[in-house]
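Student: 3D model of this:
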Amino acid sequence: MKHTYKIDGMTCSGCVASVTDQLISLDGVQDVAVDLESSQAVISMKRHIPLSDLRSALSDKYSISEKQSKEVSVTPEITVGKTKLQQLRPLFLIFLYLFSASFLLNFRDWNTGEAMLDFMGLFYIVFSFFKFLDLKGFPESFRMYDPLAKVLPVYGWIYPFLELALGLMFLMRFQLNIALIVTIVILGITTVGVTKTLLDKKSIRCACLGTALKLPMTEATFIENAIMLLMAGIMLSRFYT
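Tutor: Here you go, the predicted structure:
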């Protein structure tokens, strides 16, 4: 069942991420779609959850009240009228551009290893750019599924800078063994969180492209991380063989 509630106290996308995170942590909540402009949240529940429980889940900054108590057919904002493929179109386009750029940089004197390093560098540069568009809102969205960001909130603030640094290291071929090890560690941690989210069948927003683009957490997010982990593993093995 779905119910619509009015949320007061939200001022930015970071607030949206925070409210979503707090509400979806409640037992019985399957999905939360929060809209900043209309100051409302559409909550999908396995069973009816009392308003008092919803209020208890939110921090003092926010208040929640009933807007529509009966079941409604409102679909979460990021899925309205769109198939999964349409939702992920921006992500696929970015990957197409990255693969094309990596190919064009190396096609005259082809070297698979060099092409992978270029891809990884461009990947980090582009993905960090989108996170910097809303540096304030990204950490809240990121901590919804990244295990380390949940335990250590400052990690969410550091992560975009870490991605930028790794991108430059790959493109400049600087300390590649360190860059590859760090890539395996940080993407490995994120992949654990992504996998858990997918297994729990929770509908949350992916922060891989920051908060500027509203992408749902799907199998494509897992594949995105898996590609980078595979490349990092292959390149790292070349350093030690």
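
Student: When you work out contacts or count neighbours from here on, use the C-alpha atoms and nothing else.
Tutor: Fine.

Student: Run through the residues that contact G121.
Tutor: L166, G167, L168, M169, F170, L171 (Cα atoms under 8 Å, 6 or more residues apart in numbering).

Student: Please disregard the earlier target; I meant T221.
Tutor: Taking Cα under 8 Å, 6+ apart, one finds V194, C206, C208 in contact with T221.

Student: The second one pairs with what?
Tutor: When bridges are assigned using DSSP bridges, the partners listed for C206 are L215.

Student: just checking, next helix/strand downstream of the lowest-mean-pLDDT helix or strand in the chain?
Tutor: Within the chain, confidence by mean pLDDT, DSSP states H and E is lowest for strand 215-216 among all helices and strands, at a mean of 66. Sequence-wise, the next helix or strand beyond strand 215-216 is helix 219-239, with elements assigned using DSSP states H and E.

Student: May I see the buried residues of that next one?
Tutor: Using 16 or more other Cα atoms under 10 Å as the test for burial, helix 219-239 gives T221, F222, E224, N225, A226, M228, L229, M231, A232, M235, L236.

Student: can you give me how far stretch 27-39 is from the chain middle?
Tutor: Relative to its parent chain, stretch 27-39 has a centroid offset of 17 Å by Cα atoms, centre = their mean, to the nearest Å.

Student: cool, stretch 14-25 as well?
Tutor: For stretch 14-25, the distance to the chain centre is 14 Å (Cα atoms, centre = their mean).

Student: Next, the buried residues of it.
Tutor: Across stretch 14-25, burial judged by 16+ other Cα under 10 Å covers G14, C15, V16, A17, S18, V19, T20, D21, Q22, L23, I24.
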